[in-house]
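Colleague: Need a 3D model of the sequence below.
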Amino acid sequence: MDSPAQTEMVNMRLTEKTNGTLGTETPEPSYTGAESPELEEFLPHVAGKEKQRFTDFEGKTTFGMSVFNLSNAIMGSGILGLAYAMANTGILLFLFLLTAVALLSTYSIHLLLKSSGIVGIRAYEQLGHKAFGTPGKMAAAIAITLQNIGAMSSYLYIIKSELPLVIQTFLNLPEKTTDWYMNGNYLVVMVSVLVILPLALMKQLGYLGYASGFSLSCMVFFLCSVIYKKFQIPCPMSWDSLNHTAAGNMSLLSGNYAYQNGHATVESDSSECTPKLFALNSQTAYTIPIMAFAFVCHPEVLPIYTELKDPSKKKMQQVSNISISVMYIMYFLAALFGYLTFYDHVESELLHTYSYVDPFDILILCVRVAVLTAVTLTVPIVLFPVRRAIQHMLFQNKEFSWIRHIIIAMTLLTMINLLVIFAPNILGIFGIIGATSAPCLIFIFPAIFYIRIMPKDKEPMKSPPKILAACFAGLGVLFMIMSLSFIIVDWTSGSSKSGGSH
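Modeller: Alright, predicted model coming up:
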């Protein structure tokens, strides 16, 4: 998923299975087992033994399981925003952009694998250190931290948006209520304090790693439900089952409203049920950031490569190609059937849109509960590498401290909760993170790291591979500037929708 859970789980499994460590030309500081688990080496070195390169490590993970792990790393909350992206680009333009981002992601993984093969490094931050020293390592760590904070924010926003609807269904509340337990802001804080924080204070992830696989299963369930509901919800849309008070919700959608026996019926123009092949508007600017956010898995590629049985660049590239292809198909199907269900009425968080059709739909309720459970258990997993990066950047030579361990977790959760409470919608989270850290991790860093690490005697600066890599980095900068510019213009003009914030 967009979640980096695989990195940490691979780290723990490898730590248990080996006594070697990675060797690089610029060695990283080593730590003893008594120190913070956040600062624990990927493959801890034992004094007196020769250090290993990661390519010397005997991986145990099969090809198929590696595909599952990387697919799991790609899949995340970004899938909930793709139908909205299609509504603002049209089917053909969306397909073109999705294909382009998927192919570019594949190429960037190719650059990462070539770079890591030269120096025997398995961590994104260490590639940055090898290429540009401390500034490169810090830049990579900051980008990964921002990406993970964005992922956690999107997960908590789903809790804020969906948990009130689940409570409404369970308590059989047909009308909107002002009770505190229906306020998403209160609920997200309660879940953070009562569930996420205790799990985030654990020294090691342990069984929580299984939440990553559960999250992928939930997203597959979500996709199947979206496809099924497409054939259950008629168009033009009509909500005879909703009571009179639901008209307040439905006013968010275009259409004319008539009342029969106290029930609301939407009289939509059948022209609204015609899909668009191409579309351009102010919201189109969010499309590429949403897609980039949905395809980020690059910090997890090298750890998964490390644990691959009989590893080779060709084999790992095949793992990447299959994983991206599977996610590409799932993303397109989720976007297509979500769009063909609601057309221009789809919101930036697709699952929330179904509440306007039937808030008591049992299937959608099950999807909501599954997704809520998955994202709640995934937040501590995503928080773990962020805290580890902060420890490594700010407290590198310090011994483990429970006080610091707790303060970092509480500070991160507080910041993310404030962001979720005051963010107008999940679209802003997808947009900003997808327009900043995602282009760095997918486009810019793999290219410039490759250019710096690849020896000039093997590939001169003017060689076609390095020229192509330079163009790739330039494309990432262009995407970042264009996306940020359009998003800022959209915000300042006040035309951004507040989808999913109701």
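Colleague: Where does Thr178 sit: helix, strand or coil?
Modeller: Three-state call for Thr178 (DSSP: H, G, I helix; E, B strand; the rest coil): coil.
Colleague: what's the burial count for it?
Modeller: 6 (other Cβ atoms under 10 Å). To be clear about C-beta, it is placed using only N, CA and C from the backbone, and glycine gets the same treatment.
Colleague: what about it, distance to Ala469?
Modeller: 56 Å (Cβ to Cβ, to the nearest Å).
Colleague: next one: Asp361
Modeller: For Asp361, the distance to Ala469 equals 49 Å [Cβ to Cβ].
Colleague: where are the low-confidence patches of this structure?
Modeller: Counting by pLDDT under 70, the chain contains low-confidence residues at 1-59, 121-122, 174-177, 204-212, 236-271, 424, 426, 494-502.
Colleague: on that earlier part again, with neighbour numbers in mind, choose between Asp361 and Ala469.
Modeller: Of the pair Asp361 and Ala469, Ala469 is the one with more neighbours under other Cβ under 10 Å, namely 25 against 19.
Colleague: Please list all residues in contact with that one.
Modeller: Ala469 makes contact with Leu111, Ala447, Ile448, Tyr450, Ile451, according to Cβ atoms under 8 Å, 6 or more residues apart in numbering.
Colleague: now, among those residues, which is nearest to Met482?
Modeller: Of all the contacts of Ala469, Met482 sits closest to Ala447, with 17.6 Å by Cβ to Cβ.
Colleague: Could you pull up the contacting residues of the closest one?
Modeller: Counting by Cβ under 8 Å, 6+ apart, Ala447 has contacts Ser108, Leu111, Ala469, Ala470, Phe472, Ala473, Gly476.
Colleague: give me that answer again for 6 Å
Modeller: Ala447 makes contact with Ala469, Phe472, Ala473, according to Cβ atoms under 6 Å, 6 or more residues apart in numbering.
Colleague: which stretch of helix or strand covers it?
Modeller: helix 445-453 (DSSP states H and E).
Colleague: What residues sit buried inside that helix?
Modeller: Within helix 445-453, the residues scored as buried using 16 or more other Cβ atoms under 10 Å are Phe445, Pro446, Ala447, Ile448, Phe449, Tyr450, Ile451, Ile453.
Colleague: Could you save those residues as a markdown table and add columns showing distance to Ala131?
Modeller: Shown next, in a markdown table, are these (distance: Cβ to Cβ, whole Å):
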| residue | distance to Ala131 |
| --- | --- |
| Phe445 | 9 |
| Pro446 | 10 |
| Ala447 | 11 |
| Ile448 | 7 |
| Phe449 | 4 |
| Tyr450 | 8 |
| Ile451 | 8 |
| Ile453 | 5 |
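Colleague: and of the residues you listed, the nearest to Pro289?
Modeller: Taking Cβ to Cβ as the measure, Phe445 is the one of these closest to Pro289, at 16.9 Å.
Colleague: so the helix ranked longest in the chain versus helix 445-453, what angle?
Modeller: If you go by DSSP state H, the chain has its longest helix at helix 134-170. In terms of direction (axes from the mean of the first three to the mean of the last three Cα atoms, to 10 degrees), helix 134-170 departs from helix 445-453 by 160 degrees.
Colleague: on that earlier part again, so which of the contacts of Ala447 are in helices?
Modeller: Those of the contacts of Ala447 lying in helices (DSSP H): Ala469, Phe472, Ala473.
Colleague: Closest one to Ala140 out of those residues, please.
Modeller: When the ones in helices among the contacts of Ala447 are compared for distance to Ala140 (Cβ to Cβ), Ala473 wins out at 14.1 Å.
Colleague: For Val319, see how far away the residue lying closest to the closest one once chain neighbours are set aside is.
Modeller: Nearest residue to Ala473 in three dimensions, chain neighbours excluded: Ala447, at 3.7 Å (Cβ to Cβ, 6 or more residues apart in numbering). Distance from Ala447 to Val319, counting by Cβ to Cβ: 21 Å.
Colleague: Okay, strands next: where are they in this structure?
Modeller: For the chain, strands defined by DSSP state E occupy the ranges 256-260, 263-267.
Colleague: now, which of the contacts of Ala469 sits nearest Leu127?
Modeller: The closest of the contacts of Ala469, once distances to Leu127 are taken by Cβ to Cβ, is Tyr450, at 8.9 Å.
Colleague: Just give the nearest non-adjacent residue to that closest one, would you?
Modeller: Of all residues not flanking Tyr450 in the chain, Leu111 sits nearest, at 4.3 Å (Cβ to Cβ, 6+ apart).
Colleague: Okay, the one you found and Thr414: tell me how far apart.
Modeller: 37 Å.
Colleague: Phe400: neighbour count?
Modeller: 17.
Colleague: Also the one 5 residues further on?
Modeller: Per other Cβ under 10 Å, the neighbour tally for His405 reads 19.
Colleague: The one 3 residues further on too?
Modeller: Here the number of neighbours of Ile408 (other Cβ under 10 Å) works out to 21.
Colleague: before we move on, what about Asp310?
Modeller: 9.
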